[in-house]
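okay, here's the prediction I keep looking at, along with the sequence it came from:
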Amino acid sequence: MPLKCPDIVMRWAAPEQFAEFVRVRHAALLRYAYLLCGDTHLAQDLVQDALERTGVAWRRIEAQGDPEGYLRRTITNRYLNRVRSLRRERLVGDTPEVGVAGAEPSDGSLFRLLACLPRQQRAVIVMRYYLDLSEAQIAEALGCSAGTVKSTASRAIARLRRELGSDIHPQPAGEGVR
Amino acid sequence: MSIDPQTIEEDLRTAMHAGSSAIAAWPDPVARVEAGVTRRRRRTLLVTSAAAVLTAGVAFAGVGIAGHREPPPNSIVSAEPAAAPTIARRSPRAAVQPCRLDRVDEVDWIVQSAPWGLSTGFAVRPNESERCTMTGRPVLSGVNTATGRSEPVTVVNLGPLEDDVTRQFPATVDPGEPARVKIRSSTTCPAGQKPKSYRDLVLTFGEKKLPLSGSNKLTGVCGADVSQWYVEPPMDYASLNATVKAPAVLRAGEEFSYTVTIDNVFPDKYKSGSCPVFRLSVAADGTGPWQRINCEETTIGGRGSVEFTLPGTIPADVEPGRHKLTWMAAMGNGEAVIADMGTDGTAVTVTR
């Protein structure tokens, strides 16, 4: 028998500092999530989910001194775990690697490029070149070693270079061959 | 902005920081988050209200140690029967742009592959690159085996769908996600009406006509009830990984002990409130009994682990052969944890 929605659950009110944080930073978090997943709807879901989780624990998270870092970690981990979970629930069929927004964004070539990367590599690249995090910081966020981050980034860059093509800049005469 | 392989790292940095209008800021972000938290709290209250009364018992907490993973503390715990938990699922979604029907190629027949998997039944996967909505009710038709003519199957109303499948209407789906439809047939005929049989069943929605895959006939029916398009929303998964270690060979009817290790993949503490409710099953449809681990609270430190040793039983009627043990739990906040998802469970050989 289904339970009825309890009337005693009042509408939650965001603490003022959290509300201010959301107003100021949510757009940047959306941008980060979008770079990560390449899908506007999913990016909004991820940020919404992360902000809700943060909101209910705001006092504790703010006291730790880096709420934005906490949010980015939450977004990244929920994204990586979500995709693994969905695939194993057989929810996702032959899905494109990434959803492309209906109107191609002005940085369309960037998203086409990122779409060729596996998710873990994509996450490392976005954290490295958008957030400017160090290998140690990325390792902390992803729960792996700095060495793994370094090798993942290296493989990702190599793959991106291959995608861009190696013949764009042919060697000038006299160079390259000894 | 183009990206040059020679200066790829700098170009990536520049391109990522360049503004994009592809994702707009929210007009009222605070109200949006407040509404979401309120929904979450209501859902959590429903989950905890539906749970069995907690038994005071052993409290356990996993310890996370940054930089080096110690073996998790092991607790040999008891479990007591529990009511089926309410597992938190993705919130219902409003309708968005309609799915383009010219991008729907076939009707799949999905067979439930794991207790946490999609239920058995029909589905379509619109080949879209972004979220879209399937609405309305498809029409079922088929070739009347008595006349050889194609005709719609009589529509009957068999009342609400009463099973334990969670459904949300309309079917707002992400790329690759199936939109589901439930087809029920009626063998109860009104006075004076004879049952009919059909073959080569076809589902029509909009201008799309697709044959049903798998079982594509109806025998001796007086109509069918076709549901509206819906989705089976995915469970909300906790940011926890779980693995099960059990004996490789077990006898049907045997009682045994197994170990579940739960890892917190986040650097932050995981706190779920009340003790997890779990089930161990040897079948894709998850027929093991629900049980609650006896504890006071579940907290797993950042990057930490907990381990339980639990009693289990192989049902006496399990056929000998290779099977998968599946273990899933609902944490106190309703989030789901599935052990060994990558392998659909833990392999075990059952003997007589």
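In hand now; what should we look at?

which residue is the nearest non-sequential neighbour of B:Phe278?
Spatial nearest neighbour of B:Phe278, excluding adjacent residues (C-beta to C-beta, 6 or more residues apart in numbering or on different chains): B:Ala329 at 3.9 Å. In this view, the C-beta of every residue, glycine as well, is placed from N, C-alpha and C.

that neighbour belongs to a strand?
Yes: checked against DSSP: H, G, I helix; E, B strand; the rest coil, B:Ala329 lies within a strand.

residues contacting it?
Neighbouring residues of B:Ala329 by C-beta atoms under 8 Å, 6 or more residues apart in numbering or on different chains: B:Ala242, B:Pro276, B:Val277, B:Phe278, B:Arg279, B:Ala336, B:Val337.

any idea what it is bridged to?
B:Phe278, B:Val337 (DSSP bridges).

what about it, distance to chain A?
14 Å (C-beta to the nearest C-beta, to the nearest Å).

per-residue confidence for that residue?
Note on B:Ala329: pLDDT of 93.

contacting residues for the residue nearest the centre of chain A?
Compute the mean C-alpha point of chain A, and by C-alpha atoms, centre = their mean the closest residue is A:Leu36, 3.2 Å away. Residues in contact with A:Leu36 (C-beta under 8 Å, 6+ apart) are A:Ala43, A:Leu46, A:Ile75, A:Thr76, A:Tyr79, A:Arg122, A:Ala123, A:Val126.

looks like the fifth one contacts A:Val126 (just checking).
Which is A:Tyr79. No: contact criterion C-beta atoms under 8 Å: A:Tyr79 and A:Val126 do not qualify, at 10.2 Å.

over to A:Arg11: give its phi and psi.
Per-residue torsions, A:Arg11: phi -60, psi 130 (degrees, to the nearest 10).

report pLDDT for it.
A:Arg11 is assigned 84 on the pLDDT scale.

burial measure for it, as a count.
Per other C-beta atoms under 10 Å in any protein chain shown, the neighbour tally for A:Arg11 reads 10.

contacts only, for it.
Counted by C-beta under 8 Å, 6+ apart, A:Arg11 has contacts B:Glu34, B:Ala35, B:Thr38.

about what we covered before: in a helix, the residue nearest to the centre of chain A, correct?
Yes: assessed with three-state DSSP, A:Leu36 lies in a helix.

for A:Glu163, see how far away it is.
Plainly put, A:Leu36 is 18 Å away from A:Glu163 if you go by C-beta to C-beta, to the nearest Å.

so what's the backbone phi/psi at the closest residue to chain A within the stretch 51-200 of chain B?
Going by C-beta to the nearest C-beta, chain A is nearest to B:Gly176 of the stretch 51-200 of chain B, at 3.0 Å. Main-chain dihedrals, B:Gly176, degrees, to the nearest 10: phi 90, psi -10.

look up how far chain A lies from B:Met328.
From B:Met328 across to chain A, the span is 11 Å (C-beta to the nearest C-beta).

tell me, how many residues neighbour the nearest residue to that residue once chain neighbours are set aside?
Leaving aside its chain neighbours, B:Met328 sits nearest to B:Ile338 (4.8 Å; criterion: C-beta to C-beta, 6+ apart). Counted with other C-beta under 10 Å, residues neighbouring B:Ile338 total 25.

check B:Ile338 and give its pLDDT.
B:Ile338 is assigned 90 on the pLDDT scale.
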